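1. Could you look at this predicted model? Sequence included:
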Amino acid sequence: MGSAGSVSRGPIRTLVLGCMSSGKTSFMRQMVKNHTKFVVMKREYYLYCVQLNILVIYRELRKVCNNLEVLIPDEQLEAFNTIDEYRHKEKFPDKIKDCIKLLKDSQLFDLCRMRQRILPLPQNYNYLISRADDFMNDSFVPTENDIMMSYSQTAGLYREEVTCQGFKFDLLEMPGHHIWRERWTQHFDDPNLVVFVIDLSELCDSAFYDKGHLENKTVSVFSSLVNNPLLAKVYWLLIFNKIDTFNDHSAGFDFKKLASHLDTGDSAKSFYRSQFTTKLPKGKFFAHMVSLVNFKESQTILTDMFRRIGRMHRERPNLM
């Protein structure tokens with residue numbers, strides 16, 4: 001049996017890497033859910049995380065209103081000020097609940113959408129806004145889907161040992177902040193596999209072009225990993241995440257800024273994918289475009305990949 005072979009050789013040591021906000025934590029939640037049938041075991045601990053996502057959305061909405069020159073009435077402006085100044089600790093106080101309800105019931109989102117079809121807000125804003133009243137209930141406990149749809153910054157090393165398709169994986173996720181990236185190599189303890197998560201939606205961000213802070217960033221980080229001798233023998237799983245956000249934002253976007261021959265979103269995706277895959281030896285990588293917050297669809301892809309990787313590890317324990 002495949003599972004017996006993999007267990008006897010120990011878990012597949014897997015690094016989960018990527019730049020900030022690429023979706024590494026979503027990937028880890030996917031793997032944990034596949035293993036335990038739960039995203040997390042103590043959902044009540046994630047109320048803070050879910051509520052913090054709501055605060056971020058309303059802070060960003062104010063910026064969107066200003067950029068689109070949408071008039072903000074004084075009462076709503078005061079609500080934005082209160083949210084901006086608030087430092088979240090545990091559960092929302094009444095003053096924050098009142099501010100969120102006031103802004104939620106306003107027409108600001110609709111007015112912004114009348115001026116711009118796709119708003120530069122976090123990908124999860126529609127879902128979270130629809131659930132805002134529940135999140136503010138004192139007895140509320142986040143659902144599995146609430147947690148999957150919420151973003152959380154990786155604060156330190158996060159390790160999980162999971163079984164997927166009968167094979168054991170020892171997963172180590174590391175933060176993507178540049179300070180942490182300088183320390184990544186300290187934790188490259190003879191890995192077998194690197195999962196590198198890429199935010200595909202960055203292609204539709206103005207900061208990706210004209211010497212913005214995202215230009216060439218992810219490709220450069222990936223190149224440094226590929227050239228690291230400590231990773232010379234590993235296999236790679238490249239996850240191009242947030243394809244749904246990319247599809248939404250790519251309509252009418254001018255990708256000629258990326259390369260002069262690119263005239264569609266599909267051609268831009270293929271071109272960007274090649275910037276990563278051409279840096280790796282043929283047969284040493286898998287690459288897929290997914291939305292990691294869509295558990296059902298991405299699970300089909302990930303479980304197939306990890307079945308194939310597990311079989312390779314069983315036959316060649318060092319994935320050489």
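-> That came through, no problem. Residues are numbered from 1 along each chain as shown.
2. Where does pLDDT dip in this protein?
-> 1-9, 39-41, 316-320 (pLDDT under 70).
3. per-domain residue ranges of it.
-> 2-21+154-315, 44-148 (automatic domain parsing).
4. any chance of those in TSV, with mean neighbour count too?
-> The way it works is simple: take the backbone N, C-alpha and C, and place the C-beta from them, glycine included. Shown next, in TSV, are the domains of the chain (neighbours: other C-beta atoms under 10 Å):
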stretch	mean neighbour count
domain 2-21+154-315	17
domain 44-148	16
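5. what's the closest of those to residue 37?
-> domain 44-148 (9.5 Å; C-beta to C-beta).
6. what's the span of the closest one from first residue to last?
-> 14 Å (C-alpha to C-alpha, to the nearest Å).
7. With stretch 251-262 instead?
-> 13 Å.
8. Outside of it itself, list whatever touches it.
-> Outside stretch 251-262, the residues within contact range by C-beta atoms under 8 Å, 6 or more residues apart in numbering are 117-118, 203-204, 208-210, 263-265, 267-268, 271-272.
9. could you dump those residues to a markdown table with distance to residue 169?
-> Listed next are the contacts of stretch 251-262 as a markdown table, based on distance: C-beta to C-beta, whole Å:
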| residue | distance to residue 169 |
| --- | --- |
| 117 | 40 |
| 118 | 36 |
| 203 | 30 |
| 204 | 32 |
| 208 | 32 |
| 209 | 37 |
| 210 | 40 |
| 263 | 40 |
| 264 | 36 |
| 265 | 33 |
| 267 | 34 |
| 268 | 32 |
| 271 | 31 |
| 272 | 27 |
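10. Could you dump the domains of the chain into JSON lines with distance to residue 36 added?
-> As requested, these are exported to JSON lines (distance: least, C-beta to C-beta, whole Å):
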{"stretch": "domain 2-21+154-315", "distance to residue 36": "8"}
{"stretch": "domain 44-148", "distance to residue 36": "11"}
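11. any chance you could map the helices in this structure?
-> 2-8, 24-36, 47-67, 74-85, 94-104, 108-115, 125-130, 132-135, 144-148, 178-181, 217-226, 243-250, 265-277, 295-315 (DSSP state H).
12. Would you tell me which of the ones you listed gets closest to residue 172?
-> That would be helix 24-36 among those, by C-beta to C-beta, at 9.8 Å.
13. which strands and helices sit next to that closest one?
-> strand 12-18, helix 144-148, strand 158-164, strand 167-173, strand 193-199, strand 235-241, helix 295-315 (3 or more C-beta pairs under 8 Å, 6 or more residues apart in numbering; DSSP states H and E).
14. quick one: buried residues of that helix?
-> 24, 25, 26, 27, 28, 29, 30, 31, 32, 33, 34, 35 (16 or more other C-beta atoms under 10 Å).
15. Nearest residue to the third one in space, please, no chain neighbours.
-> Nearest in space to residue 26, with sequence neighbours left out and distances taken as C-beta to C-beta, 6 or more residues apart in numbering, is residue 292 at 3.8 Å.
16. Quick one: residues contacting that neighbour.
-> 23, 26, 27, 30, 197, 239, 241, 242, 298.
17. wait, what's in contact with the nearest residue to the last one once chain neighbours are set aside?
-> Nearest non-adjacent residue to residue 298, counting by C-beta to C-beta, 6+ apart: residue 290, 4.3 Å away. The neighbourhood of residue 290, defined by C-beta under 8 Å, 6+ apart, consists of 239, 240, 241, 243, 297, 298, 301, 302.
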